[in-house]
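Chemist: no sequence for this one, just the structure:
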Ligand code: MG
């Protein structure tokens, strides 16, 4: 199960339930029994800040370090990548924002200047990897099944299979989802968030963790601006409310408008 949201079924990860629980004498610290009658461990143990109650609602805050194992593996990935001077970009977005299309166009632009490789993350299918393969770039697909994000262990497995060339540019296309991928450090060089003008400019406020974690935000599909209610300046301002120095790059993969800014950003990292 996904350690954060419980939407997966990967035996290698664990569940964190957002409910109040109490230790009983026959339980060891860090272990508790849920009302669905199984016990599991939290690794490492977490602490329990106060529960607050107000006007018919109750907020339970859990401070935990269930991501500690992931962070350790991410640090290993980062060292491995740094040692080979590989720039790895974690591409995160909602489904349908145009991540794969952006990668296809970027690879075609850069392939004569720099070796580019891709690790594709999706719940199912090889469809995106097949699109990347058509560009001639090396690509590995990771299918997460019911899982909603890539984690550092998955990336390590992908890296072993892909074995990217020293000095190359590596795109890691995460599972389409603006929630969990923000929480899982992969050991990447930078995090890129891609949104599109069809999604609404309130996404930075609704999913602040994603935008807080980002190094740059790409706003794709600007060719559709005449047909949708989307204000780029409002979206950028909202993104900078959660991440003050965030760079915002409006562009259209379809028309090519704004892509020079994207290539310039890639050239600077
Ligand atoms: Mg894709």
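Modeler: In hand now; what should we look at? Not measured: the values here are computed from a predicted model. Numbering: from 1, shown residues only.

Chemist: At the contact with the ion, which residues of the stretch 101-250 of the chain appear?
Modeler: residue 128 (CB under 5 Å from the ion). For the C-beta atoms, the positions are set from N, CA and C on the backbone; glycine is no exception.

Chemist: where exactly do the helices run in the stretch 101-250 of the chain?
Modeler: 127-133, 152-162, 203-206, 208-213, 232-242 (DSSP state H, counting those that start in this stretch).

Chemist: closest point of the chain to the ion, which residue?
Modeler: residue 100 (3.4 Å; CB to the ion).

Chemist: if we can go back for a sec, could you export the helices of the stretch 101-250 of the chain as a markdown table, including mean pLDDT, distance to residue 119 and mean neighbour count?
Modeler: As requested, the helices of the stretch 101-250 of the chain are exported to a markdown table (pLDDT from 0 to 100; distance: least, CB to CB, whole Å; neighbours: other CB atoms under 10 Å):
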| stretch | mean pLDDT | distance to residue 119 | mean neighbour count |
| --- | --- | --- | --- |
| helix 127-133 | 94 | 9 | 17 |
| helix 152-162 | 95 | 4 | 19 |
| helix 203-206 | 96 | 25 | 19 |
| helix 208-213 | 97 | 19 | 19 |
| helix 232-242 | 97 | 26 | 17 |
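
Chemist: can these go into a markdown table with extra columns for distance to residue 84?
Modeler: Formatted as a markdown table, the helices of the stretch 101-250 of the chain follow (distance: least, CB to CB, whole Å):
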| stretch | distance to residue 84 |
| --- | --- |
| helix 127-133 | 20 |
| helix 152-162 | 10 |
| helix 203-206 | 34 |
| helix 208-213 | 24 |
| helix 232-242 | 32 |
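
Chemist: Look up the closest residue to residue 84, ignoring the ones flanking it.
Modeler: The spatially closest residue to residue 84, leaving aside those adjacent along the chain, is residue 166, at 4.3 Å (CB to CB, 6 or more residues apart in numbering).

Chemist: need the contact list for that neighbour.
Modeler: Applying CB atoms under 8 Å, 6 or more residues apart in numbering to residue 166 gives the contacts 84, 85, 86.

Chemist: quick one on the thing from earlier: which one is the residue of the chain closest to the ion nearest to, not counting chain neighbours?
Modeler: Closest to residue 100 by CB to CB, 6+ apart is residue 128, at 4.7 Å.

Chemist: Enumerate every residue touching that neighbour.
Modeler: Contacts of residue 128 (CB under 8 Å, 6+ apart): 100, 120, 122, 141, 173.

Chemist: For the last one, which residues count as its bridge partners?
Modeler: Beta-bridge pairing for residue 173 (DSSP bridges): residue 91, residue 120.

Chemist: Hmm, residue 100 and it touching each other?
Modeler: Yes. Using CB atoms under 8 Å, residue 173 is in contact with residue 100, at 6.4 Å.

Chemist: Between the two, point out the one with more neighbours.
Modeler: Ranked by neighbour count (other CB atoms under 10 Å), residue 173 and residue 100 place residue 173 first, with 28 against 21.

Chemist: check contacts around the more buried one.
Modeler: Applying CB under 8 Å, 6+ apart, the residues near residue 173 are 91, 99, 100, 103, 118, 119, 120, 121, 122, 128.

Chemist: Tabulate those residues (TSV), appending distance to residue 186.
Modeler: Rendered in TSV, the data for the contacts of residue 173 read as follows (distance: CB to CB, whole Å):
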residue	distance to residue 186
91	11
99	15
100	18
103	16
118	14
119	9
120	14
121	10
122	16
128	17
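
Chemist: of the residues you listed, closest to residue 228?
Modeler: Closest approach to residue 228 among those (CB to CB): residue 99, at 19.0 Å.
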